[in-house]
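In: Okay, predicted coordinates and the sequence, questions at the end:
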Amino acid sequence: MEMTIERLRAFRGIQKEKDEIMREIDLLYYPISSPKSSESHSTTPGDPTAAAVAKIMRREERLKELTQELAAELDFIENWLETLDDHELRAIIRAHYLMGDSWARCTQRILNYEFSDSAKHRVYRFFDLK
């Protein structure tokens, strides 16, 4: 399978989804600060603890799936990065897509330019994007 910019963006999206699920699980352990449920409130008595535990278990299962998906995708990306001859390009892709740095931060840290979109343009040129 070929590497595309969309695949790199998807990896970053999976990371963000995983982070949000972890945050949601943490909040479910503290009902006072817990996010509002998307389910409508019922007037029938029930066990809110059991409902919270069930929701946590569903979120933890999704978290496990995302972790496995991320590991497989990271392995693919790392193997692909090793095929690139350009060390700076590898560093930019790693910093932005794998580590989550902004384009500005990549440009400053890796290319030593203060104000520029050079890192972004370099990646886009590599993938032949405008």
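Out: Everything's here; your move.
In: quick check: longest helix of the chain.
Out: What stands out as the longest helix in the chain, according to DSSP state H, is helix 48-81.
In: looking only at pLDDT, what's the mean for that one?
Out: Along helix 48-81, the predicted local confidence has a mean pLDDT of 92.
In: and that helix, what other elements does it pack with?
Out: Contact here means 3 or more Cβ pairs under 8 Å, 6 or more residues apart in numbering; DSSP states H and E; on that basis helix 48-81 packs against helix 5-28. Where C-beta positions appear, they are placed from N, C-alpha and C, glycine not excepted.
In: The nearest residue to residue 52 once chain neighbours are set aside: neighbouring residues, count only.
Out: Ranked by Cβ to Cβ, 6 or more residues apart in numbering and with sequence neighbours excluded, the top spatial neighbour of residue 52 is residue 28, at 5.5 Å. A count of neighbours around residue 28, defined by other Cβ atoms under 10 Å, yields 18.
In: my read: residue 28 touches residue 59, true?
Out: Yes - at 7.4 Å, residue 28 and residue 59 qualify as touching, with contact defined as Cβ atoms under 8 Å.
In: residue nearest the centroid of this protein?
Out: Central residue of the chain (Cα atoms, centre = their mean): residue 15, 1.9 Å from the mean position.
In: ok, it touching residue 100?
Out: Yes - in this structure, residue 15 sits in contact with residue 100. The criterion is Cβ under 8 Å, and the distance is 6.9 Å.
In: Could you check how far stretch 110-117 is from the centre of its chain?
Out: For stretch 110-117, the separation from the chain centroid amounts to 24 Å (computed by Cα atoms, centre = their mean, to the nearest Å).
In: ok, now stretch 70-81?
Out: With Cα atoms, centre = their mean, you get 14 Å for stretch 70-81.
In: which of the residues in that stretch are buried?
Out: Residues of stretch 70-81 classed as buried by neighbour count (16 or more other Cβ atoms under 10 Å): 73, 77, 80-81.
In: Name the residues that touch that stretch?
Out: Residues outside stretch 70-81 that contact it (Cβ atoms under 8 Å, 6 or more residues apart in numbering): 1, 3, 7-8, 10-11, 14-15, 18, 90, 93-94, 97-98.
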